[in-house]
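In: give me the fold of what follows.
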Amino acid sequence: MLLNLFRKSVVNFRFPEHVKLAPLPTWQPVDEHFILTCQVSGGAPRAHLSVMLLRGEEVLERQPVAKGESTEVMFTVLAKREDHGVNFSCRTELDLRSEGLGLFQNSSAPRKLQTFVLPMTGLHLDTLRIVEVGTQWLVNCTLDGLFPAAEAEVHMALGDQKLEPKIMNHGDSLLATAWVKSNEEEGTQHLVCQVTLGDQTRSRLENVTIYSFPAPDLTLSRPQVPEWTTVTVECKAHAGAVVTLEDAPARLGAPRAQLQLNASAEDNGRSFSCSAALEVAGQWLYKNRTLKLSVLYGPRLDERDCPGNWTWQEGSQQTLRCQARGNPFPKLKCSRKGDGASLPIGDLRPVKREVAGTYLCEANSSRGVAKREVVVNVIYHQNIPAIIVPVVAVITLGAVGTAAYIYYRKLKKQKYELQKAQKAWEESVKKLNTPATPP
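Out: Residues are numbered from 1 along each chain as shown. Predicted coordinates for the structure are as follows:
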């Protein structure tokens, strides 16, 4: 009887030989379900053997281990952002406490999970669409909402030219910038930006048109000519472009324009501007070139440049202008008649009576001479009577003349009225002396 009881209490058990968590996905997209597999070998009795899936130390789920020497227990898990970088593991429990024995546990080596978010849309590539050969410019590739942004890889290229982007992250945003230099090959090339995270890639492509557009060729038949020489101005555009030459006859769509003129002094320093236009990918581009003409002419010294009469009050503040023109620029010398004193050109602060007089100005250059007299009058208190007396005399003579004219007109009118009255009296007397006609 005791022997039978002892035999009933003996339990045949065996610990699992090993428990293992199968390899995880390298990268697991967030909000997608995936399967974790716990592999269990050995262990008995299986009715008392279970396996658990752990997230760190948190038990996510427990399942019994089916019969069989080697068994795989699968768990379905929804990936979350917070699962990124977290360790997952499997743990077996052989629970013999109901048999008066203990709880025996065995754990697998942990495996780290990497989760990610890579939006399907929203990748932007900012770049110039039209670029001249040899130009260097900056392109930006941006994407918001990816996680973890620091783990993303960026590839950028222009055609076969691989770029070296600088990558910056801020939260869930990524910015990649790269300098691009267009090569010598004209035409349309593909600029691409690829962002890779996990096992997924997002791409953005933009077309960039590379063009060549030299400035127009602008020429003068002679950049420096004597006055009254014929000058030819010509502007030519390079292949595919059209030009417009300022002041030249309009010729729409022409690659060449020309202008002829008879150069005068007014043309000295004149700018001639040529504009070239080229259509690239539906846009019009413009380039300009400007040249100046130098016209050689003799000295000019006229009223505009050097007024011939100045009258000022002594002690006032004035500016005396006298400037010669010409090309080459003439030398100007102004000397007062009598003593040869120089004309005080510029600011006179104050005006003094000593500067009064008549000056002879002479402008000299290799192309001739120009002369002009300049009179400077200075009014001061001692010469005021000399000015007032003639003025008073003129006013007096004017007043006398006006009075005489008025008297003459009045006298003439009185004489006319008297003659008219006398004639009327004579007519009356004549009528009285005439005999009446008998009935």
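In: now do the contacts for the spatially closest residue to residue 221 that is not a sequence neighbour.
Out: Among residues not flanking residue 221 along the chain, residue 232 sits closest, at 4.0 Å (Cβ to Cβ, 6 or more residues apart in numbering). C-beta: built from backbone N, CA, C; applies to glycine. Residues counted as contacts of residue 232 (Cβ atoms under 8 Å, 6 or more residues apart in numbering) are 220, 221, 258, 259, 260.
In: what would those residues look like in CSV with distance to residue 363?
Out: CSV is the format used below for these (distance: Cβ to Cβ, whole Å):
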residue, distance to residue 363
220, 28
221, 30
258, 36
259, 32
260, 31
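In: report the buried members of those.
Out: 220, 259 (16 or more other Cβ atoms under 10 Å).
In: residue 230 and residue 178, how far apart?
Out: Residue 230 sits 55 Å away from residue 178, going by Cβ to Cβ, to the nearest Å.
In: if you could redo that for residue 190, that was the one I meant.
Out: Distance from residue 190 to residue 178, by Cβ to Cβ: 15 Å.
In: same question, residue 20
Out: Taking Cβ to Cβ, one finds residue 20 at 45 Å from residue 178.
In: same question, residue 91
Out: From residue 91 over to residue 178 the distance is 49 Å, taken as Cβ to Cβ.
In: and what of residue 365?
Out: Distance of residue 365 to residue 178, given as Cβ to Cβ: 60 Å.
In: more neighbours: which of the two?
Out: Using other Cβ atoms under 10 Å, the more surrounded residue of residue 365 and residue 178 is residue 178, with 22 against 18.
In: please look at that one and residue 139 and confirm they touch.
Out: Yes: shown here, residue 178 and residue 139 form a contact pair, counting by Cβ atoms under 8 Å, at 5.6 Å.
In: so what sits against both of those two?
Out: By Cβ under 8 Å, 6+ apart, the residues touching both residue 178 and residue 139 are 156, 163.
In: report the contact partners of the closest residue to residue 283 other than its chain neighbours.
Out: In space, and not counting its chain neighbours, residue 283 is closest to residue 130: 6.0 Å by Cβ to Cβ, 6+ apart. Contacts for residue 130 (Cβ under 8 Å, 6+ apart) come out as 208, 209, 211, 280, 281, 283, 285.
In: try 6 Å
Out: By Cβ atoms under 6 Å, 6 or more residues apart in numbering, the contact list for residue 130 reads 209, 280, 281.
In: in which helix or strand would I find the first one?
Out: So the one you mean is residue 209. Per DSSP states H and E, residue 209 falls inside strand 200-211.
In: counting contacts, what elements does that strand pack onto?
Out: Judged by 3 or more Cβ pairs under 6 Å, 6 or more residues apart in numbering; DSSP states H and E, strand 200-211 is in contact with strand 130-132, strand 187-197.
In: just send the ones you listed back as TSV, with mean pLDDT and distance to residue 124 too.
Out: What follows is these, written out as TSV (pLDDT from 0 to 100; distance: least, Cβ to Cβ, whole Å):
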stretch	mean pLDDT	distance to residue 124
strand 130-132	94	19
strand 187-197	96	9
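In: nearest to residue 272, of the ones you listed?
Out: Closest to residue 272 of these is strand 130-132 (Cβ to Cβ; 24.8 Å).
In: what about the helices in the protein?
Out: Using DSSP state H, the helices found in the chain span residues 2-9, 384-433.
In: which one of the ones you listed has the lowest average pLDDT?
Out: The stretch with the lowest mean pLDDT among the helices of the chain is helix 2-9, at a mean of 41.
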